[in-house]
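*Asks:* what's the 3D shape of this:
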Amino acid sequence: MKNSYNTFYALLAFLIISITSCDDALYLEPEDSLTTDVVLSNATLAEGALVGAYARMRDDDVFNGTSQLLQEWMSDNINFVGSFPTFQELRDYTTLADNTSVFPMWRDAYDVISPCNFLIQKLPITIIPDLSPDNEDRIIAEAKFIRAITYFNLVNLFAQPFQVSGGTNLGVPIITDFFEGDASIFQVERNTVNEVHDFIEQELLMAIPSLPSTNSTGRASKNSARAALARLYLYKEEWANAADYANQVIASGTNILATDYTFYNDDSNSEHIFQIINNNVDGQTSGQGWSGLSNPVPNGRGDAPFSENLIAAFNSEPGDLRFNLKVAGTDALAQTSTFSTKFPDGVNNADNAPVFRITEMYLTRAEANLRATSNVGETPLSDINKLRARAGLPALVTLTLNDILTERRKELCFEGQRRMDLLRNNQGLRRAGQANIAEAAFGANKTILPIPTAERDLNLNITQNPGY
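*Replies:* Numbering: from 1, shown residues only. Down below sits the predicted model:
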């Protein structure tokens, strides 16, 4: 039985947050918004504000599939055949700054950050008699985790990766204040990628001591923060730290490599370190998330089947059990295509959304150890062969970086990581024979998203990305 985020708490978060979406140039507080005194009047309501932040993460444009799958079709894993012109722009590298699919990815991410800012700023200065100090610290730590990984998603989408200029290029604005009438907190320039990365790192490091060692896979734990740090350090090429934090997750024994691939949509499987829990009532918010886009017609939209290049990658080594996670079906062009079955519920859009799982930690530890010529926890070859054994493939005798990246591609396809795996390795997003090779080159302008026109209309201090 899937856990459900209480819809009341989602509404509560909506009522207490008076900003972030930036739809209203005046940033006026809603007349029905609850005051801080009310929201933080008891432990139940304070906890509810946190649950509301988790609920906002369920938006398709944040963690529930839209922004993740577009990174698969901007690269080489998905052949997007849908009819959305705004998605076609992203596929073809003709994106405009007023793209109406891009703006919600910016707005809705800051909508997640806003209740986190509220809790992190207000809880330490508010006396709640029935809220213990330990629970107060935990709520703040969970809010820091949510805020950190949301900023991580934002900077990956809207800024060139660290590898382009060592992180000195512009990232996204870091907003930590809760809006209480002073709109100047939004009239700010973007922080650099390095500044955003440093902020994320500090948030996660501060959160770990107060996070629980074990938790629901839909709530933050120590391993959730460690996994986020491992990914961050990998992207920053801090190999020793990446190997260390991935190893901490593995060595904890809390999360264990699943024996097969039936763990998708399993709320309690220890393969999952952190995921967004969906169900028929509280699920993906539209047909543009994981399930709707990646399922064939008639249950889904049929927009996002396998690319021929990804199929060829699997066929290059027959017998890979991960390639069994597929089905033939009718795509949006009424042609027969191959679709992933990782998110099979195209009717109710109730499939869980993966964020961090233990397999990624083995891949991260292997890559970081290989690059650093170290053996933290295990040898890189041993880690990769564990994953290959589960996939039904023979063990490798020697190991190259390309072997690891190939394993990452086949293991994590349709989970939103391919674009950043290519960019952080100074590679273009398309392979030979695919469209838009030049436009998809490493460092090319439209491999990242534009700062939305709607945001720049409100914030005159923010700089647009080149090429937009």
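*Asks:* going forward, measure contacts between C-alpha atoms and count neighbours the same way
*Replies:* OK.
*Asks:* All the strands of the stretch 151-300 of the chain, residue numbers only.
*Replies:* For the stretch 151-300 of the chain, applying DSSP state E, counting those that start in this stretch gives strands covering 272-276.
*Asks:* How about the stretch 301-450 of the chain?
*Replies:* Assigned strands in the stretch 301-450 of the chain, in chain order: 326-330, 336-340, 353-357 (criterion: DSSP E, counting those that start in this stretch).
*Asks:* Just name the most buried of the ones you listed.
*Replies:* Of the strands of the stretch 301-450 of the chain, the one with the most neighbours on average (mean count of other C-alpha atoms under 10 Å) is strand 353-357, at a mean of 24.
*Asks:* so it versus strand 272-276, what angle?
*Replies:* Angle of strand 353-357 versus strand 272-276, following axes from the mean of the first three to the mean of the last three C-alpha atoms, to 10 degrees, is 150 degrees.
*Asks:* can you give me the mean pLDDT across strand 353-357?
*Replies:* If you average the pLDDT over strand 353-357, you get 97.
*Asks:* In contact with the residue nearest to R456 when sequence neighbours are not counted: list those residues for me.
*Replies:* Nearest non-adjacent residue to R456, counting by C-alpha to C-alpha, 6 or more residues apart in numbering: I462, 6.4 Å away. Applying C-alpha atoms under 8 Å, 6 or more residues apart in numbering to I462 gives the contacts Q187, V188, E189, R190, R456.
*Asks:* R388 now?
*Replies:* P394, A395.
*Asks:* Mind pulling the model confidence for it?
*Replies:* On the pLDDT scale, R388 is placed at 98.
*Asks:* go on, T398?
*Replies:* As predicted, T398 sits at a pLDDT of 98.
*Asks:* Run a quick neighbour tally on it.
*Replies:* 8 (other C-alpha atoms under 10 Å).
*Asks:* So it is in contact with L381, correct?
*Replies:* Yes. Checked against C-alpha atoms under 8 Å, the pair T398 and L381 is within contact range at 7.0 Å.
*Asks:* I448: neighbouring residues, count only.
*Replies:* 24.
*Asks:* For it, give its distance to L211.
*Replies:* Noted for I448: a distance of 33 Å to L211, by C-alpha to C-alpha, to the nearest Å.
*Asks:* same thing with K222?
*Replies:* Distance from K222 to L211, by C-alpha to C-alpha: 5 Å.
*Asks:* shared neighbours of the two, which are they?
*Replies:* In terms of C-alpha under 8 Å, 6+ apart, K222 and L211 are not both contacted by any residue.
*Asks:* Which pLDDT does the model give T20?
*Replies:* T20 carries a pLDDT value of 37.
*Asks:* Determine which two of the contacts of I462 are furthest apart.
*Replies:* Using C-alpha to C-alpha, the pair of the contacts of I462 lying farthest apart is R190 and R456, separated by 11.4 Å.
*Asks:* quick one, which of these two is more surrounded?
*Replies:* R190 (20 against 15).
*Asks:* so what's that one up against?
*Replies:* R190 makes contacts with L170, G171, V172, P173, I174, I462, T463, as judged by C-alpha under 8 Å, 6+ apart.
*Asks:* Just the buried residues of these.
*Replies:* With burial judged by 16 or more other C-alpha atoms under 10 Å, the buried subset of the contacts of R190 is L170, G171, V172, P173, I174, I462.
*Asks:* which among those residues gets closest to P129?
*Replies:* Within these, the smallest distance to P129 is 32.0 Å, found for I174 (C-alpha to C-alpha).
*Asks:* So the closest one versus T192, what's the distance?
*Replies:* Distance from I174 to T192, by C-alpha to C-alpha: 10 Å.
*Asks:* what's the answer for L157, then?
*Replies:* Taking C-alpha to C-alpha, one finds L157 at 14 Å from T192.
*Asks:* Between these two, which is the more surrounded one?
*Replies:* For L157 versus T192, neighbours defined as other C-alpha under 10 Å are more numerous around L157 (25 against 20).
*Asks:* which residues touch the more buried one?
*Replies:* Counted by C-alpha under 8 Å, 6+ apart, L157 has contacts I448, L449.
*Asks:* Then D92?
*Replies:* Counting by C-alpha under 8 Å, 6+ apart, D92 makes contact with M74, A435, N436.
*Asks:* Buried by neighbour count, from those residues: which ones?
*Replies:* Those of the contacts of D92 that meet the buried threshold are M74, N436, by 16+ other C-alpha under 10 Å.
*Asks:* nearest to D61, of the contacts of D92?
*Replies:* Nearest to D61 out of the contacts of D92 is M74 (C-alpha to C-alpha; 15.6 Å).
*Asks:* what's the closest one in contact with, if anything?
*Replies:* M74 is in contact with L90, R91, D92, Y93, R419, L429, R430, A440, T447, counting by C-alpha under 8 Å, 6+ apart.
*Asks:* what's the domain layout of the protein?
*Replies:* Domain segmentation of the chain under automatic domain parsing yields 7-67+93-211, 216-427.
*Asks:* angle of the longest helix along the chain against strand 353-357?
*Replies:* Longest helix of the chain, by residue count under DSSP state H: helix 133-158. For helix 133-158 against strand 353-357, the angle by the same axes, to 10 degrees is 110 degrees.
*Asks:* tell me which residues in helix 133-158 are buried?
*Replies:* Of the residues in helix 133-158, 136-158 count as buried by neighbour count, 16+ other C-alpha under 10 Å.
*Asks:* ok, back up a step: switch the strands of the stretch 301-450 of the chain over to JSON lines; also include distance to P298.
*Replies:* Output for the strands of the stretch 301-450 of the chain, formatted as JSON lines (distance: least, C-alpha to C-alpha, whole Å):
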{"stretch": "strand 326-330", "distance to P298": "8"}
{"stretch": "strand 336-340", "distance to P298": "13"}
{"stretch": "strand 353-357", "distance to P298": "22"}
